[in-house]
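*Asks:* With the sequence up front, the predicted model follows.
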Amino acid sequence: MSVFNLIPSPLEQFEIVTLIPVTFFGLNFSLTNSTLFMLFSFLIAVLWISLSFYKNTLLPNNWQFVNEMIYSITINMVQDNLGTKGEFYFPFIFTLHLFLLFCNLIGMIPYSFTVTSHITFTFGLALSIFIGINIIGLQIHGFKFFALFLPRGVPLPIVPLLITIEFLSYIVKVFTLSIRLFANMTSGHTLLKIIAGFAWTMLSAGGLLAIFHLIPLGLLLALIGLELAIAGLQAYVFTLLTCIYLNDVLEFH
């Protein structure tokens with residue numbers, strides 16, 4: 001048997017597997033690996049917050065320093081983009097940032113599952129946030145909120161065209177928000193899998209190739225570090241864009 005047949009597909013890691021099948025009135029409520037790791041991310045986030053208040057000292061230790069750093073990054077993000085009015089929305093923004101961060105980081109553990117690598121999850125999350133932001137806009141501005149799609153002083157003949165363009169550009173925020181996170185996580189994990197498979201193939205081939213497998217192995221280690229940075233960055237970017245979109249609604253831009 002060829003060694004290439006022993007190496008699984010790089011896309012196999014994104015396969016959703018049913019762990020506990022559950023059907024209720026014809027609807028599928030089965031527990032999948034995606035759901036399981038989503039629950040893991042949530043529980044770890046809750047545990048992280050709980051431990052953040054455990055034995056705090058005036059002079060932060062390493063654990064406390066990491067906690068305060070993540071908190072400071074989020075609070076600065078909210079203050080820079082929402083100002084004082086963002087204090088009301090900070091619990092949601094902080095929870096979103098923390099949840100996405102742990103979803104991305106847990107996906108870096110071998111044999112785990114990256115929840116954010118599926119467009120269904122990222123799109124569902126982005127759509128839920130988008131709907132919530134628009135509800136906030138309607139509550140604050142009422143029907144004046146729809147003036148967002150029609151700037152002042154626009155000539156009447158081009159009003160229908162401009163409304164259509166503004167509406168489409170407004171709706172596309174959902175897709176850009178979801179695709180950015182999904183594409184970065186999927187492409188990064190796929191590349192890691194390909195490089196790891198290539199290194200294993202060279203090692204299994206024996207001879208001179210077994211020695212040169214250290215080259216893709218070293219590249220793999222470097223890419224893992226880069227992917228860890230991307231995992232944190234993409235959680236930050238998703239949360240940052242949420243703050244920006246929320247500010248557009250609150251300030252009525």
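*Replies:* Great, that's in hand.

*Asks:* would you list every one of the helices in the stretch 101-250 of the chain?
*Replies:* 119-141, 159-205, 207-212, 214-251 (DSSP state H, counting those that start in this stretch).

*Asks:* the inter-axis angle of the first one versus helix 159-205?
*Replies:* Which is helix 119-141. Orientation check (axes from the mean of the first three to the mean of the last three CA atoms, to 10 degrees): helix 119-141 against helix 159-205 gives 150 degrees.

*Asks:* quick revisit: hey, least reliable of the helices of the stretch 101-250 of the chain by pLDDT?
*Replies:* Between these, the one with the least mean pLDDT is helix 207-212; it has a mean of 71.

*Asks:* Switch the helices of the stretch 101-250 of the chain over to CSV; also include mean neighbour count and distance to Glu15.
*Replies:* All C-beta atoms are positioned from the backbone trio N, CA, C, and that covers glycine. Shown next, in CSV, are those (neighbours: other CB atoms under 10 Å; distance: least, CB to CB, whole Å):
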stretch, mean neighbour count, distance to Glu15
helix 119-141, 16, 13
helix 159-205, 16, 12
helix 207-212, 11, 30
helix 214-251, 17, 20
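
*Asks:* so which of those helices comes closest to Thr35?
*Replies:* helix 119-141 (10.1 Å; CB to CB).

*Asks:* helices or strands next to the closest one in the packing?
*Replies:* The contact analysis (3 or more CB pairs under 8 Å, 6 or more residues apart in numbering; DSSP states H and E) places helix 119-141 against helix 159-205, helix 214-251.

*Asks:* what's the closest non-adjacent residue to Thr242?
*Replies:* Ile129 (5.7 Å; CB to CB, 6 or more residues apart in numbering).

*Asks:* Could you do Gly188 as well?
*Replies:* Nearest non-adjacent residue to Gly188, counting by CB to CB, 6+ apart: Glu227, 4.7 Å away.
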